[in-house]
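Could you look at this predicted model? Sequence included:
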Amino acid sequence: MHERFVLVTGCSGGGKSALIEELARRGHRTIEEPGRRIVREELAGKGTALPWTDLAAFARRAIRMAVADWRSAHAGAGAGGWTFFDRGVIDAASAFEAATGRQVVAPLARRYRYRPLVFLAPPWPEIHAGDDERRHGFAAAVEEYERLADVLPTLGYETRLLPKLPVAERAAFVLAALERG
């Protein structure tokens, strides 16, 4: 487990990426969401490992990318400070399980640990919006949120809901929670 690795997860379109960008602006190390990177690469190269085309292939790639991100962050962990992950291994493995029924979350979650306190973006319909990289609707985003909210405690994580506040206030909330322990 790496105590300085902070996972930000939850509902798609719930403001996670904006929060991560704000934390980066404040000087923290951040890791961009694997899914968005994969979608950009697949769209640029006419690939098919897209969540709306082949969820299993997409999730398989997301697992590989999230593991590589975790390992890369671990190799550079000596610098100190927080590293914030916009989604991670658990998210990718959960999507893979949902697509295939193959049980992969628990073994991957045991090997690639984050800080025990995970920040969870709740469904927030007022800010949820689709784009070229996020084509699913709000109902699918809520299903994803519920799946993650259910699995994280079974893996030994405490979840803290992100408040529905402006992004600067959300960042202050996260940093204060981490400083308290």
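All right, it came through fine.

Enumerate every residue touching the residue nearest the centre of the chain.
For the chain, the residue sitting closest to the mean C-alpha position, by C-alpha atoms, centre = their mean, is residue 87 at 1.1 Å. Going by C-beta atoms under 8 Å, 6 or more residues apart in numbering, residue 87 touches 7, 8, 9, 16, 33, 34, 35, 66. For every residue, glycine as well, the C-beta is placed using N, CA and C.

Pick the one among those closest to residue 172.
residue 8 (14.4 Å; C-beta to C-beta).

Show me what the helix or strand hosting the closest one pairs with in its sheet, parallel or antiparallel.
In this assignment (DSSP states H and E), residue 8 forms part of strand 5-10. Taking DSSP bridges as the criterion, strand 5-10 sits next to strand 83-86 (parallel), strand 117-121 (parallel) in its sheet.

Return the set of buried residues in stretch 72-86.
For stretch 72-86, a neighbour-count test (16 or more other C-beta atoms under 10 Å) marks 73, 82, 83, 84, 85, 86 as buried.

could you pull out the helices for this structure?
16-25, 34-44, 55-75, 89-100, 105-111, 138-154, 167-180 (DSSP state H).

Out of the ones you listed, which one sits most buried?
helix 89-100 (a mean of 22; mean count of other C-beta atoms under 10 Å).

Relative to residue 94, how far out is residue 117?
18 Å (C-beta to C-beta, to the nearest Å).

Surely residue 86 and residue 18 touch.
No - between residue 86 and residue 18 there is no contact under C-beta atoms under 8 Å: 9.8 Å.

Any stretches of the protein with poor pLDDT?
1, 77-79, 127-137 (pLDDT under 70).

how does it look with 80?
Within the chain, the stretches with pLDDT under 80 are 1, 76-80, 125-138, 181.

follow-up on the earlier one: ramachandran angles for the residue nearest to the centre of the chain?
phi 70, psi 170 (degrees, to the nearest 10).

quick one: it and residue 80, what's the gap?
In terms of C-beta to C-beta, residue 87 sits 23 Å off from residue 80.

quick one on the thing from earlier: reformat the buried residues of stretch 72-86 as a markdown table; add distance to residue 162.
Listed next are the buried residues of stretch 72-86 as a markdown table, based on distance: C-beta to C-beta, whole Å:
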| residue | distance to residue 162 |
| --- | --- |
| 73 | 21 |
| 82 | 16 |
| 83 | 18 |
| 84 | 12 |
| 85 | 14 |
| 86 | 12 |
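
And these, which two are furthest apart?
Top of the distance list for those (C-beta to C-beta): 82 and 86, 13.1 Å.

and stretch 155-171, which residues are buried?
155, 157, 159, 162, 167, 170, 171.

Residue 120 versus residue 156, what's the distance?
15 Å.

Next: residue 19.
Distance from residue 19 to residue 120, by C-beta to C-beta: 12 Å.

Could you work out the end-to-end span of stretch 13-32 for me?
End-to-end distance for stretch 13-32, by C-alpha to C-alpha, to the nearest Å: 14 Å.
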